[in-house]
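Q: quick one, structure for this:
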Amino acid sequence: MCMIKYMRFMKDLAEELIESNKAHKDFINKARVLSNAIQLQLIENNAVFQNLLDKLHTTAVYVNNLFLDLPLNFDVFLPIRIPVPVKVNFDKKQRTVQVTRFGTRHPFFFGNALNFKRMNLMLSQELSEVVKKLSSVTAYGVVYDLNYKVLCRGTVPFIHQLVATERDSYGQRSISFDFVLALGFEGADTPLPPYYKAPIAGQWLAYGLAGGKCSPTDWAVLVPKWKTAEPAVCLRSMSSLIMLFRLMKVQKCPLYAQPYSLKLNFALVTEERGEMYQSMSIGDMTLAILFHEVSRNLYQAALEHTRRDRLNRSSKLLSIRKQQIRARGIYYILVNAAMKDEISSEFVFAFFSHLYIPPVPSTSRWILVQEFMCKNRQLICFAAPKGTLGDPIWMPGHRTQDTREERDKQFRACWQRKFTCQRQLGGGLLPWKANREQDTVV
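A: Numbering: from 1, shown residues only. Below you'll find the predicted structure:
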């Protein structure tokens, strides 16, 4: 066993795992064919969302067993343009916006306000009708069977999934469109207030704060920093998602290998780091995304959702618990590797074969920095009141703190200061340090 450089290893491995140009081009072409077929069916159905999902192809993800591929300009938000003129009213304290129009009869509006609950329910219904009538699509000689799933927060659809599975591939190869419905605005036409510190010429998004006590007319405001990134930055971001997907798949943690979850956590990283995220290496970006993956207690959330499923409750909870322990163990290994900038050569095989991952010791330097999650109310994966923690959008439930937090509070704080000094002296980036001085992009 020998030690190798962590940052160099992550960079070299990312180059090996990226699909070839021909395979990537085939995926992009097939994704556009599928996207166009879905939009044409919406037009034939005379749907309300016809001609509004023109950016659907940017949310595509190609999965081939352990391989993942995405467009270079991948996105998890699907922005649509409201087909009627509207007026926007911002709430500085809540960091939300209301979109209104007086006297309109458009189905997106409930009264005079744009209602995200109504829009998501309508979109869910119309996409279900599309899949029902358009059961399969042929793209470049390959037949894809369509399926539609929706992930809800409470009773409100939040993540929409259109999955096109290649026929006779036994579910190993598929192209899925995973997205969160959002409103797209151009800063030049509808500028944000000065306290957002957003560029005038840029684009900003508004998405629904599903769950909790949020009003269905309050939309959260997000300035998508990844849309202005250079191709080299986009390639590094895409490589980080590809590596994490493969690592979690091989190590039998499918809950942490969901493409929509990885993309949402990437958006969280960009929201916290601001424009600084563009200077992050692949190793730092991978660790930052993984932190958001493992910092949520999925086991506690699953306890609430499996109460009525008495037959399979025990097996489901055991599987989730095992995955959570393994994912945190992987994060613990990578944290130590990033701190020393060296990793065991044995861990190279973690991307290709199942390894034994020891659980994190109870008196270890395991960090669950939860305070920064309370800093911004507009964190993408949470819809929580200010000063509280939200639940995972794909598995809503009650979030609880780690039972060892109070016991190890002083120890972790001491080690955190030591780790921060070591990383700063080494010139590295702190993957989990939130940008506390700014809530939005500058």
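
Q: now do Tyr356 against Arg321, distance only.
A: Separation of Tyr356 from Arg321 (CB to CB, to the nearest Å) stands at 17 Å. C-betas here are computed from N, CA, C, even on glycine.

Q: just want to know which of those two has more residues nearby.
A: Using other CB atoms under 10 Å as the criterion, Tyr356 and Arg321 rank with Arg321 on top: 13 against 7.

Q: I'd like to know which elements the helix or strand hosting the more buried one is packed against.
A: Secondary structure from DSSP states H and E places Arg321 in helix 313-340. With contacts taken as 3 or more CB pairs under 8 Å, 6 or more residues apart in numbering; DSSP states H and E, helix 313-340 sits against helix 6-17, helix 231-250, helix 282-294, helix 298-305, strand 342-344, helix 409-425.

Q: distance from the chain centre to it, please.
A: Relative to its parent chain, helix 313-340 has a centroid offset of 19 Å by CA atoms, centre = their mean, to the nearest Å.

Q: what residues of that helix count as buried?
A: Buried residues in helix 313-340, counting neighbours by 16 or more other CB atoms under 10 Å, are found at 320, 323-339.

Q: now do that helix against helix 231-250, angle only.
A: Angle of helix 313-340 versus helix 231-250, following axes from the mean of the first three to the mean of the last three CA atoms, to 10 degrees, is 130 degrees.

Q: what about the protein, any weak spots by pLDDT?
A: For the chain, the stretches with pLDDT under 70 are 1, 210-212, 297-313, 361-442.

Q: name the residue most distant from the centre of it?
A: Gly103 (36.6 Å; CA atoms, centre = their mean).

Q: now for that residue: which residues touch it?
A: Counting by CB atoms under 8 Å, 6 or more residues apart in numbering, Gly103 makes contact with Asn112.

Q: check the gap between it and Phe109 for me.
A: Gly103 is 10 Å from Phe109, by CB to CB.

Q: point to the residue nearest the middle of the chain.
A: Mean-position check on the chain, CA atoms, centre = their mean. Result Leu264 at 1.3 Å.

Q: longest single strand anywhere in the chain?
A: Looking across the chain with DSSP state E, the single longest strand is strand 173-186.

Q: pull out the buried residues from that strand.
A: 173-185.

Q: just checking: what are the partner strands of that strand?
A: Paired strands of strand 173-186, with direction, are strand 60-64 (antiparallel), strand 77-80 (parallel), strand 156-166 (antiparallel), strand 203-208 (antiparallel) (DSSP bridges).

Q: tell me the gap between that strand and the middle of its chain.
A: The answer for strand 173-186 is 11 Å, by CA atoms, centre = their mean.

Q: repeat that for stretch 146-162.
A: Counting by CA atoms, centre = their mean, stretch 146-162 is centred 14 Å from the centre of its parent chain.

Q: keeping just the C-alphas, turn stretch 87-97 into PDB.
A: C-alpha atoms of stretch 87-97 as PDB (Å, rounded to 0.1, in the frame of the first residue of the first chain):
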ATOM      1  CA  LYS A  87     -45.900  42.500 -11.800                       C
ATOM      2  CA  VAL A  88     -43.300  41.300  -9.200                       C
ATOM      3  CA  ASN A  89     -43.400  42.300  -5.500                       C
ATOM      4  CA  PHE A  90     -40.300  41.500  -3.400                       C
ATOM      5  CA  ASP A  91     -40.200  40.800   0.300                       C
ATOM      6  CA  LYS A  92     -36.800  41.800   1.700                       C
ATOM      7  CA  LYS A  93     -37.200  40.100   5.100                       C
ATOM      8  CA  GLN A  94     -38.400  36.700   3.700                       C
ATOM      9  CA  ARG A  95     -36.300  36.900   0.500                       C
ATOM     10  CA  THR A  96     -39.300  35.900  -1.600                       C
ATOM     11  CA  VAL A  97     -41.200  37.400  -4.500                       C
END
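
Q: what's the offset of that stretch from the middle of its chain?
A: Chain-centre distance of stretch 87-97: 24 Å, with CA atoms, centre = their mean.

Q: same check on stretch 225-243?
A: 14 Å.

Q: I'd like the numbering to begin with 27 instead of 1 from here.
A: Will do, 27 is the new start, and the previous item becomes stretch 251-269.

Q: need the contact partners of it.
A: So stretch 251-269 is contacted by 36, 39-41, 43-44, 93-96, 98-101, 225, 228-229, 285, 288-289, 292-293, 296-297, 300-301, 303-304, 306-308, 311-312, 315, 377, 467 (CB under 8 Å, 6+ apart).

Q: can you pull the contacts of Lys175?
A: 187, 189.

Q: helix/strand/coil for it?
A: strand (DSSP: H, G, I helix; E, B strand; the rest coil).

Q: in the stretch 77-226 of the chain, which spans are helices?
A: 142-159 (DSSP state H, counting those that start in this stretch).

Q: picking that back up, residues that sit against both of Gly129 and Phe135, list them.
A: Counting by CB under 8 Å, 6+ apart, nothing touches both Gly129 and Phe135.

Q: just the strands in the stretch 27-176 of the chain please.
A: Taking DSSP state E, counting those that start in this stretch as the test, the strands found in the stretch 27-176 of the chain are 29-31, 86-90, 93-95, 103-106, 113-117, 122-126, 135-136, 139-140, 162-165, 168-179.

Q: grab the nearest non-local neighbour of Asn138.
A: With CB to CB, 6 or more residues apart in numbering as the criterion, Asn138 has its nearest non-adjacent residue at 5.0 Å, and that residue is Thr126.
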